[in-house]
Each structure stands twice: as C-alpha cells, then as structure tokens.
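Participant: quick one: sequence plus predicted model below, questions after.
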Amino acid sequence: MIVIGIDLSGPSNHKDTVAAAFSVKENRLSFIESINVASDQDILSLAGRYLGKEKVVIGIDAPLSYQDGGGDRVQDKALRGVLKEGGLNGSSIMTPTMTRMVYITLRGIQLSRMLQNLHGDAEIVEVHPGAAIGLRMPAPELALTYKKDTAARTAVFNWLTEQYFSELPDTTADTTHAIDACGAALAAWYYAAPDKNSIWVYEKTSAAHPFVMCC
C-alpha cells in the first residue's frame, strides 16, 4: 500500500503545500518522497507514479465539500467535539465557507476530483493532521503548540519517527506543513489498512459530501 499525505493551502499558496508519499513496510510508514511548494500538477504527478501499480490511499488536509447554505457540516461539528474531549483545540475545525477557509475548500474540492479522474483507483479521505497526531500522543498538549514552537515540533517529529515512520528526513521537523503531511498520511493509513482503526471517522457520505472524514 502507498499512503500519500497532503497538507493543502489555497490555490495561490503553493509554498505552504506539502505532499509526502510512504509505503507500508513492517507496520510502519516508510518515507519514499515528498514535494514542498507543491502545485496541483505536482500532486497529480506524485499520485500518478503509484496509481495502477498498487493500492493508493490519499489523505487531504482540507475540506473536500461544503454545507449548502453555509455553516458547519455535520462532520465538522462532530470532530470539533472529539477534539475538545481530547483536550485539543476545537477551534482548529473551521467552517469550510468562512473567509479564512474558502480558498482552501475550493482547492480541496478541485484537487480531490482531479485525483479521482486519474488512471487507477485512489481511495481519498479528508483528514485532520492535528487530531491524528494529538489524539494519539501521550502528551497531547504538544499538538497545541507545534505549529508555533520549534521545540514542540521537534518533539512531535521524534515521536512520529519512534512510533509510526521510518526513513523520515530530519528536515521534516523544519516546517509545520511537513509535519502535517505526515499526520495526514497517518490518518489515511489507519483508515485504509485492514489491521488498523481510525480514532474517529465520519463515514456517512452523499453526493454533496462524497468523502469519508477521519483522524
């Protein structure tokens, strides 16, 4: 199985978009390659290198749908509650159509549909890296600070390499976007692997909301 984690920013913000590919080996995610400053075409090319050869699951950190009429989706409200119960910041779950999120939502919707149209069947899930990391860590408070604190980010990186990842470059700890790409892959892996279980999953899909959301 190939697992791809994508930390997505808005359509014009390639510099804050990271995509990373891993293979599942010996119950760990083994690093293959990553793309920083990733455009849509970069991400499509990355996925295309593996699709049709083996099972591919892609976790995208971005809303992949929106609520007709605006406001939260049901899954947004549900995950926000799970984060609060776990001692994390529920406000990190933002309404897909709010001003700060709408361009990321636009790109997420477009990219997910383009990935669906590539040759080969990719399993696509919407993920929340902060939840995937923080709800698994013995010290979840680090998930509240790693985006702003270098020491916390290094601690998260060390924990990821100890528990879940192999061959992960040290430069992964340099940016929150690279860490979040790993968190996106972690959530996607635990959803798709037959011997794993997501910490939380919203599986009710529809024409308006076609993708599972998980962490």
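Facilitator: Ah, there it is.

Participant: find the residue at the geometric middle of this structure.
Facilitator: Nearest to the geometric centre of the chain sits Ala184, at 2.5 Å (C-alpha atoms, centre = their mean).

Participant: contact partners for Asp42?
Facilitator: 14, 19, 35 (C-beta atoms under 8 Å, 6 or more residues apart in numbering). Any C-beta I mention is one placed from the backbone N, CA and C, and that applies to glycine too.

Participant: can you name the next helix or strand after the helix or strand where it lies?
Facilitator: Assigned by DSSP states H and E, Asp42 falls within helix 40-48. Sequence-wise, the next helix or strand downstream of helix 40-48 (DSSP H and E) is strand 56-61.

Participant: would you mind getting the angle between that next one and helix 40-48?
Facilitator: Per axes from the mean of the first three to the mean of the last three C-alpha atoms, to 10 degrees, the angle that strand 56-61 makes with helix 40-48 is 150 degrees.

Participant: show me where pLDDT drops low in this protein?
Facilitator: Within the chain, not a single segment meets pLDDT under 70.

Participant: can we see that at 80?
Facilitator: 119-120 (pLDDT under 80).

Participant: for it, which helix is longest?
Facilitator: If you go by DSSP state H, the chain has its longest helix at helix 176-192.

Participant: who are the packing partners of that helix?
Facilitator: strand 2-7, strand 18-25, strand 28-36, strand 56-61, strand 122-127, helix 129-134, helix 150-163, strand 213-214 (3 or more C-beta pairs under 8 Å, 6 or more residues apart in numbering; DSSP states H and E).

Participant: what's the spacing between it and its chain's center?
Facilitator: On the basis of C-alpha atoms, centre = their mean, to the nearest Å, helix 176-192 sits 5 Å off its chain's mean C-alpha point.

Participant: and the next helix or strand past that helix?
Facilitator: strand 201-202.

Participant: which strands and helices lie in contact with that next one?
Facilitator: Against strand 201-202 (3+ C-beta pairs under 8 Å, 6+ apart) you get helix 74-85, strand 213-214.

Participant: who's sitting farthest from the centroid in this protein?
Facilitator: Gly69 (25.7 Å).

Participant: give me the three-state assignment for it.
Facilitator: For Gly69, the assignment made with DSSP: H, G, I helix; E, B strand; the rest coil gives coil.

Participant: try Leu88
Facilitator: coil.

Participant: can you lay out the helices and strands packed on helix 176-192 as JSON lines showing mean neighbour count and distance to Leu144?
Facilitator: Shown next, in JSON lines, are those (neighbours: other C-beta atoms under 10 Å; distance: least, C-beta to C-beta, whole Å):
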{"stretch": "strand 2-7", "mean neighbour count": "28", "distance to Leu144": "18"}
{"stretch": "strand 18-25", "mean neighbour count": "23", "distance to Leu144": "21"}
{"stretch": "strand 28-36", "mean neighbour count": "18", "distance to Leu144": "24"}
{"stretch": "strand 56-61", "mean neighbour count": "26", "distance to Leu144": "17"}
{"stretch": "strand 122-127", "mean neighbour count": "24", "distance to Leu144": "18"}
{"stretch": "helix 129-134", "mean neighbour count": "27", "distance to Leu144": "7"}
{"stretch": "helix 150-163", "mean neighbour count": "16", "distance to Leu144": "8"}
{"stretch": "strand 213-214", "mean neighbour count": "26", "distance to Leu144": "21"}
